[in-house]
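> requesting a structural model of the entry that follows:
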Amino acid sequence: MTKEEEDFTTKEEACFLHAMKADELDSIVCRYTTSADISSSQLSALVQALTEQQPSQKQVLYTLFSDVERPLLLVFVILMGKGTGRKKAELLFEVGTDSLATEMMSQSQAETLADRILSAAIEVAPRLSSQVGPTEYVRTLNRHKDTATAQLTRKILGDQRQITESQFLHNYGENSRLSSLAGVRQFVHRCSEKAIK
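Here you go, the predicted structure:
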């Protein structure tokens, strides 16, 4: 693990959201946001709800959540919060299929979800750092995002063009490394190392 990754992981673990359950965070975001684009009034209500016990953390959340669309925010809080890999996979399937009623995830939905998972880990989470602008580590991860998205999509789908929730839980949920922001960044880092060789 690189020094920068250690710093990111330390910042994430210090953030109060890390101590909350992923399904609770998901529920709160769903309750206070209603469309893909989060309005300023929805963002204010969401930050207020999340920081009732931690009012000093409001600015941290505004920094994290500003200009983040609802589906990406849901993925971020799911990966940031506590929970088993399986539970987080169930929540990610719901986000990825845009509906609790959908029983299948298409290839395009899997690609979009993979992109959001990577964006949560390498674009949103680094906002917790006090560093101004992206670090070399983050720039390296971003350079390999397309390759990592393709590999993660293959991991999600296996050799299928669409999958059921149980297949998704098997393909994604049983890989506990992909149930955290740090684990996702490590996945991208491994993709970047393979690309360099």
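> in this protein, which spans are helices?
3-14, 22-32, 40-50, 58-65, 70-80, 85-97, 107-119, 136-143, 145-157, 165-168, 181-196 (DSSP state H).
> show the pLDDT at Ala4.
Heads up, residue 4 is Glu, not Ala. Looking at Glu4, its pLDDT is 83.
> wait, doesn't it sit right on Thr140?
No - counting by C-beta atoms under 8 Å, Glu4 stays clear of Thr140, with 9.6 Å between them. No exception for glycine: its C-beta is placed from N, CA and C like everyone else's.
> which sections of this structure are below the confidence cut-off?
The chain contains residues with pLDDT under 70 at 99-101, 130-133, 195-197.
> burial of Leu46, as a residue count?
Using other C-beta atoms under 10 Å, Leu46 has 20 neighbouring residues.
> same check on the one 10 residues further on?
Neighbours of Ser56 under the rule other C-beta under 10 Å: 8.
> that one and Phe16, how far apart?
The gap separating Ser56 from Phe16 is 10 Å, by C-beta to C-beta, to the nearest Å.
> again, but for Asp115
27 Å.
> what sits against the most centrally placed residue in the chain?
Nearest to the mean C-alpha position of the chain, counting by C-alpha atoms, centre = their mean, stands Phe76 at 3.3 Å. Contact partners of Phe76, counting by C-beta atoms under 8 Å, 6 or more residues apart in numbering, are 64, 68, 120, 124-125, 181.
> which of those residues lies closest to Ser39?
Val68 (12.7 Å; C-beta to C-beta).
> Ser176 is in contact with Phe187, correct?
No - the criterion here is C-beta under 8 Å, and Phe187 misses it with Ser176 at 11.9 Å.
> the more surrounded of those two?
Legend: neighbour count by other C-beta under 10 Å for Phe187 and Ser176, higher for Phe187 (21 against 13).
> and that one, what is it in contact with?
148, 151-152, 177-178.
> show the buried residues in these.
Buried members of these, scored by 16 or more other C-beta atoms under 10 Å, are 148, 151-152, 178.
> any idea how far Ala114 lies from Gln57?
From Ala114 to Gln57 the distance is 30 Å (C-beta to C-beta).
> neighbour count winner among the two?
More crowded of Ala114 and Gln57, by other C-beta under 10 Å: Ala114, with 24 against 16.
> is it true that the more buried one touches Thr147?
No - assessed by C-beta under 8 Å, Ala114 is found out of contact with Thr147, at 11.3 Å.
> now the common contact residues for those two.
By C-beta under 8 Å, 6+ apart, Ala114 and Thr147 have no common neighbours.
> hang on, the earlier thing: of Asp115 and Phe16, who's got more company?
Asp115 (18 against 14).
> which non-adjacent residue is nearest that one?
Among residues not flanking Asp115 along the chain, Thr149 sits closest, at 5.1 Å (C-beta to C-beta, 6 or more residues apart in numbering).
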